[in-house]
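Asker: what would the 3D arrangement of this be:
(one chain, ligands or ions: 2)
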Amino acid sequence: MTAPVSHTPRKLIDGMGRTIVNLRISVTDRCNFRCTYCMPENNVEFMERSKLLTFEELTRIATIVSKMGISRLRITGGEPLMRKDLPSLIQMLNGINGIEDIAMTTNAFFLKDQAEALWKAGLKRLNVSLDALDPEKFRDVNRKDCLSEVLNGLEAAKKAGFKSIKINAVAMRNFSETEIMSLVDMGRTEGFEMRFIEFMPLDSDQVWAREKVLFGSEIIELIGQKYDLVPIDNSREIGPASEFTFADGKGKIGIITAVSNPFCDHCNRIRMTADGTLRTCLFSTQETNLKTLLREGASDEEIDQAITDAVMLKEPGHKINLDSFERPKRAMHAIGG
Ligand code: SAM
Ligand code: SF4
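Answerer: Ligands and ions are numbered 1, 2, ... in the order given. The predicted model follows:
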């Protein structure tokens, strides 16, 4: 009798010795919000629909990378729930041998209606973006007046069975200070992990300036006025956030200090835009066009080689803090956050 063939993926290691285990897949650059830190308010130029990778193409890429050592996927956008029939894609990705974890980042507007189908399709982890619990501040930053829809979406996700829900808030000076404590309190009450992400220069409006970033150290100080926080030692080895537990044992928070203390040394991710280009860093100025390979009949081996070559050249780190920093041409919604 022949022994069953085991799935033994190789490791995908970049030129700096970092092991890449995580692929972020953007499924659309479209969004029903117009967050000030991400999209312009008007006249957004979206990708032509024919340029978006199909579910079959996305699944083919995910299958190829699963054999290269990638075991974790995150679906993002734009707003991923604007892509029609997303649970079908989740189901297709979930069936790939070697994919151990599928997560999604969403603004939660459409979650109320889709949470159950997504859970059943195999999505297990959610990051929901929520910057403010004050309805007016929510409207100002997201340029859409719909805090209650987002809260309903979160409620539906809990009901559907999601146990790991993180809330992402972009940390901006003169905006976030008043929201941090209420978001932290909500996280503790509802069982969500709050994550504060320093505002990065990826906004379409190009208004980012260092003075507009509320730094991680300041956030910790603010939260520390009410709660004792205990750092989790190895949190950065697993993901981008520095994580803390509350000394009373009730919950966790994470701070992503992409500007003040970058995590590039531990970065284990690559990204694919909705139009099928591979980006080895959020701030990449070079891309690898996988869509052309897919659509011009390249073999799996050729696509594997293109990804391996791109990963070998993965940027050592971003240059936000250097004079030589160059903004990527794509804004966050067109990269996939
Ligand atoms: N539309 C979904 C959402 O908002 O969750 C997914 C895509 S969004 C681009 C992914 C994440 O990027 C969100 O958590 C958002 O807050 C974050 N983000 C967008 N622009 C950012 C910026 N300039 N700096 C830091 N984080 C940003
Ligand atoms: Fe849309 Fe997400 Fe960008 Fe906000 S952060 S505009 S919700 S893609």
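Asker: which non-adjacent residue is nearest Met312?
Answerer: Gly15 (4.9 Å; CB to CB, 6 or more residues apart in numbering). All C-beta spots, glycine's among them, are computed from the backbone N, C-alpha and C.
Asker: then Trp208?
Answerer: Closest to Trp208 by CB to CB, 6+ apart is Pro201, at 4.0 Å.
Asker: now swap in Ile180 and tell me
Answerer: Leu222 (5.4 Å).
Asker: in the stretch 151-300 of the chain, which ranges drop under the pLDDT threshold?
Answerer: Within the stretch 151-300 of the chain, no stretch has pLDDT under 70.
Asker: show me what the residue of it found nearest ligand 2 bridges to in the sheet.
Answerer: At 7.8 Å from ligand 2, Val170 is the closest residue in the stretch 151-300 of the chain, using CB to the nearest ligand atom. With DSSP bridges as the criterion, Val170 is bridged to Ile197.
Asker: which bits of the protein sit near ligand 2?
Answerer: Proximity of the chain to ligand 2, by CB under 6 Å from any ligand atom, involves residues 31, 33-35, 38-39, 77-79, 107, 129, 332-333.
Asker: just give me the closest of these to Ile165.
Answerer: Ser129 (11.8 Å; CB to CB).
Asker: can you report phi and psi for the closest residue to Pro328 other than its chain neighbours?
Answerer: Sequence neighbours aside, Phe283 is the residue nearest to Pro328 in space, at 5.5 Å (criterion: CB to CB, 6+ apart). For Phe283, the backbone dihedrals (degrees, to the nearest 10) come out as phi -100, psi 20.
Asker: identify the residues contacting Phe283.
Answerer: Leu202, Glu315, His318, Lys319, Ile320, Arg327, Pro328 (CB atoms under 8 Å, 6 or more residues apart in numbering).
Asker: one more: Met16?
Answerer: Taking CB under 8 Å, 6+ apart as the test, what Met16 contacts is Lys314, Pro316.
Asker: still on that earlier bit, and the helix or strand encompassing the residue nearest to Ile180, what does it pack onto?
Answerer: Element membership of Leu222 [criterion: DSSP states H and E] is helix 216-224. Judged by 3 or more CB pairs under 8 Å, 6 or more residues apart in numbering; DSSP states H and E, helix 216-224 is in contact with helix 180-190, strand 193-198, strand 252-256.
Asker: could you dump these into a markdown table with distance to Arg279 added?
Answerer: Listed next are these as a markdown table, based on distance: least, CB to CB, whole Å:
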| stretch | distance to Arg279 |
| --- | --- |
| helix 180-190 | 29 |
| strand 193-198 | 18 |
| strand 252-256 | 18 |
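Asker: got CSV for those, with distance to ligand 1 and mean neighbour count too?
Answerer: Shown next, in CSV, are these (distance: least, CB to the nearest ligand atom, whole Å; neighbours: other CB atoms under 10 Å):
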stretch, distance to ligand 1, mean neighbour count
helix 180-190, 13, 17
strand 193-198, 5, 23
strand 252-256, 8, 23
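Asker: so which of those comes closest to Arg125?
Answerer: Nearest to Arg125, of all the helices and strands packed on helix 216-224, is strand 193-198, at 10.4 Å by CB to CB.
Asker: contact partners of the closest one?
Answerer: With CB under 8 Å, 6+ apart as the criterion, strand 193-198 contacts 127, 164-171, 176, 180, 183-184, 186-187, 213-216, 219, 241, 251-260.
Asker: now the residue nearest to Ile180: how far from Met186?
Answerer: Distance from Leu222 to Met186, counting by CB to CB, to the nearest Å: 15 Å.
Asker: before we move on, the earlier item: surely the residue nearest to Ile180 and Thr178 touch.
Answerer: No - Leu222 lies out of contact with Thr178 (CB atoms under 8 Å); the separation is 10.2 Å.
Asker: between the two, which is the more surrounded one?
Answerer: Counted by other CB atoms under 10 Å, Leu222 and Thr178 do not tie: Leu222 has more neighbours, with 16 against 12.
Asker: pull the contacting residues for the residue in the stretch 201-337 of the chain that ligand 2 sits nearest to.
Answerer: Closest to ligand 2 within the stretch 201-337 of the chain is His333: 4.1 Å, counting by CB to the nearest ligand atom. By CB under 8 Å, 6+ apart, the contact set of His333 is Asp29, Cys31, Cys38, Met39, Val44, Gly77, Gly78, Ser204.
Asker: burial count for Phe46?
Answerer: So Phe46, with other CB under 10 Å, has 15 neighbours.
Asker: who touches it in this structure?
Answerer: Contacts of Phe46 (CB under 8 Å, 6+ apart): Asp29, Arg30.
Asker: quick one: it and Cys31, what's the gap?
Answerer: In terms of CB to CB, Phe46 sits 9 Å off from Cys31.
Asker: quick check: bridge partners of Leu73?
Answerer: What pairs with Leu73, by the bridge criterion (DSSP bridges), is Leu23, Ile102.
Asker: wait, it sits on Met104?
Answerer: No - using CB under 8 Å, Leu73 is not in contact with Met104; the gap is 9.2 Å.
Asker: just the helices in the stretch 201-337 of the chain please.
Answerer: 216-224, 235-238, 290-295, 300-312, 332-335 (DSSP state H, counting those that start in this stretch).
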